[in-house]
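Trainee: Task: produce atomic coordinates for the following.
(chains A and B)
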Amino acid sequence: GDSVTQTEGPVTLSEGTSLTVNCSYETKQYPTLFWYVQYPGEGPQLLFKVPKANEKGSSRGFEATYNKEATSFHLQKASVQESDSAVYYCALSATGGYKVVFGSGTRLLVSP
Amino acid sequence: GALVYQYPRRTICKSGTSMRMECQAVGFQATSVAWYRQSPQKTFELIALSTVNSAIKYEQNFTQEKFPISHPNLSFSSMTVLNAYLEDRGLYLCGAPWGYEQYFGPGTRLTVL
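Mentor: Residues are numbered from 1 along each chain as shown, chains lettered A, B, ... in the order given. A predicted model of the protein is given here:
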């Protein structure tokens, strides 16, 4: 079945440093790829989605490129802030959004 | 815009009792609703996918006998956790697809005593 593997956390950074969270996926179909962010006590919020290979998604300074050849969708941010501390989930849907397969999540801790 | 609400946000039940949670889609038609569980320190597991006027499809390790789901119309779904035990605790999410993405509610957090 479909699966998503991402960087195991926690990832601890200082404000102003750069972030990369690796994400790789497996599916025999043509998925839409997502990054979600979850804050304590809340459900996951969509950060951005990319439905097509070789395209880039971005939001709030975060970005990721849908690399079909490498089956990767790494999350990057040039300069993190303390408010970025949260759990980040890479996910895919190969069913038009009907079922979403999540990675295990990566906890990001940013210190001031 | 498209929004998904869940009720209650938090609930506590005694071990062996049952608990019903609700999911409401606002601003779009939820022809399908997916229910997920996030156990402590874990990721989101799909419990089942419910489609109006169609059979509910449960994932492996989840059954209708344990997690009965109702999806009577295009805006509402409910799921019950029957005979809840400690391993059932966690955040229960509902999600509804719209425009090639799934909109999630904030979740119902279940604590089992």
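Trainee: The one helix or strand residue B:47 maps to - what's its average pLDDT?
Mentor: According to DSSP states H and E, residue B:47 maps onto strand B:44-51. For strand B:44-51, mean pLDDT rounds to 94.
Trainee: Is chain A within reach of it?
Mentor: Yes. Strand B:44-51 lies within reach of chain A by C-beta under 8 Å from any C-beta of the partner chain, at B:44, B:46, B:49. C-betas here are computed from N, CA, C, even on glycine.
Trainee: among these, who's most crowded?
Mentor: The most crowded member of those, judged by other C-beta atoms under 10 Å in any protein chain shown, is residue B:44 (29 neighbours).
Trainee: thought that one was touching residue A:44?
Mentor: Yes. At 7.3 Å, residue B:44 and residue A:44 qualify as touching, with contact defined as C-beta atoms under 8 Å.
Trainee: Name the residues contacting each of those two.
Mentor: Common neighbours of residue B:44 and residue A:44, using C-beta atoms under 8 Å, 6 or more residues apart in numbering or on different chains, are A:89, A:102, B:93.
Trainee: So which of the residues you listed sit within strands?
Mentor: A:89, A:102, B:93 (DSSP state E).
Trainee: Is it possible to get TSV of these that adds distance to residue A:79?
Mentor: Formatted as TSV, these follow (distance: C-beta to C-beta, whole Å):
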residue	distance to residue A:79
A:89	22
A:102	27
B:93	31
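Trainee: Output those residues as CSV; include the columns neighbour count, pLDDT and distance to residue A:18.
Mentor: Supplementary listing: those in CSV, determined by neighbours: other C-beta atoms under 10 Å in any protein chain shown; pLDDT from 0 to 100; distance: C-beta to C-beta, whole Å:
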residue, neighbour count, pLDDT, distance to residue A:18
A:89, 26, 96, 20
A:102, 22, 94, 24
B:93, 27, 95, 31
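Trainee: now, among those residues, which is nearest to residue B:23?
Mentor: Nearest to residue B:23 among those is residue B:93, at 8.8 Å by C-beta to C-beta.
Trainee: Next one: the closest one relative to residue A:102, how far apart?
Mentor: Separation of residue B:93 from residue A:102 (C-beta to C-beta, to the nearest Å) stands at 10 Å.
Trainee: Quickly list what's touching both of these two.
Mentor: Taking C-beta under 8 Å, 6+ apart as the criterion, residue B:93 and residue A:102 both touch A:44, B:44.
Trainee: what's the burial count for residue 64?
Mentor: Using chain A here. Count around residue A:64 with other C-beta under 10 Å applied: 27.
Trainee: Actually, chain B is the one I wanted.
Mentor: Per other C-beta under 10 Å, the neighbour tally for residue B:64 reads 12.
Trainee: The one 10 residues further on too?
Mentor: Counted with other C-beta under 10 Å, residues neighbouring residue B:74 total 15.
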